[in-house]
Every structure is written in structure tokens, then in C-alpha cells.
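Colleague: let me see the structure of the following:
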Amino acid sequence: MPSFTAPNGSPVSIPAATVVRIRDAYPEESTESNAKCRIDHPDVQFVTEESSAVVPVVRSENTHIGQLTLPNSQPVWFNGAVSRGPVRLVGGHPPKAQSALYITDKIQYVTETPEAVRTTVAAAGGNALPIPTEGFLATIANVFSKFSAPPAVWD
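Modeller: Next comes the predicted model:
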């Protein structure tokens, strides 16, 4: 089981199979200034190790880890076993997002094309969905999306 260091200095062990997403920590999201990486699993864990050091340790025990790029140009790693995509972009998405995928039940916007997302999700052992198309069916899907609750979004 991978072990890391919590911002308070205590060791933290996280089962690699439960990790759903890894990314750099944003300065404003942790009360500890030395938090460098955010690990999403059944909980959220901030650690002092860099993402570039965390990912290989998790990947050594979970081969379903794929990588894409967030709209802020930072990498995001995801567990393909709990992911599916690409999915159609819905209104209000970040301007630099070209596509999206679901990681568990939340949508993650990324800068890669739908084709690249499909390839990456498949390579990570996820559910590679058909490329979203434009046209009449897309128009109908967009109309229905306005009447349904917006999906939860990963930050």
C-alpha cells in the first residue's frame, strides 16, 4: 500500500486501487502551505510529495492510471477503472476545455480532443465511449441537458 506524508508530517497509507484522481494541490484548497499533491480516493488527502513522485508509486500497484491535461494546463491522473469518456461538453465549461470524461460520477474537463480522451480512457482500462457528434441528436441532447441537473464537476 503506497505511503506518503501528510502536511502535518504524519504518514498516510492509501490503497492504490481506491485512488480515483491525482493532481497538484492548489494553494487555496489546503490549510497547510506544504501540501503539494491532492489524492482523491474515498476521501481527499493532501500530501507533501510532488504529484510526479506520487503517480509512479500509485501506478506500481494500480495499472489503470491514465493522464490528461486540465484546462489550467496542469496534468491530471485518473483511474480508468472508474472512468468513462469522452462525453459531450455542456454549457459553462472552462474555455480551454475541448472534451470531458467522467471519473466516478463527476465530470472532468480536459484540454485534449474527444479522440485523445477516448484513446487515453481505453488505454487506462476505462469505458471508451463513442466520439460525441454534432447535428440533430446533439441538439436534442443539449435541449434535454438544460432541463436536467448539471453534473457534479471535478475542480
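Colleague: what about residue 119, helix or strand, and which?
Modeller: With secondary structure defined by DSSP states H and E, residue 119 is part of helix 114-123.
Colleague: would you mark the buried spots in that helix?
Modeller: In terms of neighbour count (16 or more other C-beta atoms under 10 Å), helix 114-123 has its buried residues at 114, 116-118, 120-121. Backbone N, C-alpha and C define where each C-beta goes, glycine included.
Colleague: distance to residue 2 and pLDDT added to these, as a markdown table?
Modeller: Below are the buried residues of helix 114-123 laid out as a markdown table (distance: C-beta to C-beta, whole Å; pLDDT from 0 to 100):
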| residue | distance to residue 2 | pLDDT |
| --- | --- | --- |
| 114 | 32 | 97 |
| 116 | 28 | 98 |
| 117 | 26 | 98 |
| 118 | 29 | 98 |
| 120 | 22 | 98 |
| 121 | 23 | 98 |
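Colleague: let me know the closest of the residues you listed to residue 71.
Modeller: In terms of C-beta to C-beta, no member of the buried residues of helix 114-123 lies closer to residue 71 than residue 117, at 13.2 Å.
Colleague: tell me the contacts of the nearest residue to that closest one once chain neighbours are set aside?
Modeller: Nearest in space to residue 117, with sequence neighbours left out and distances taken as C-beta to C-beta, 6 or more residues apart in numbering, is residue 86 at 4.0 Å. The contact partners of residue 86, by C-beta atoms under 8 Å, 6 or more residues apart in numbering, come to 99-101, 114-115, 117-118, 121, 129, 131-132.
Colleague: got those as a markdown table, with distance to residue 59 columns?
Modeller: A markdown table is the format used below for these (distance: C-beta to C-beta, whole Å):
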| residue | distance to residue 59 |
| --- | --- |
| 99 | 23 |
| 100 | 23 |
| 101 | 18 |
| 114 | 25 |
| 115 | 24 |
| 117 | 19 |
| 118 | 21 |
| 121 | 16 |
| 129 | 23 |
| 131 | 27 |
| 132 | 29 |
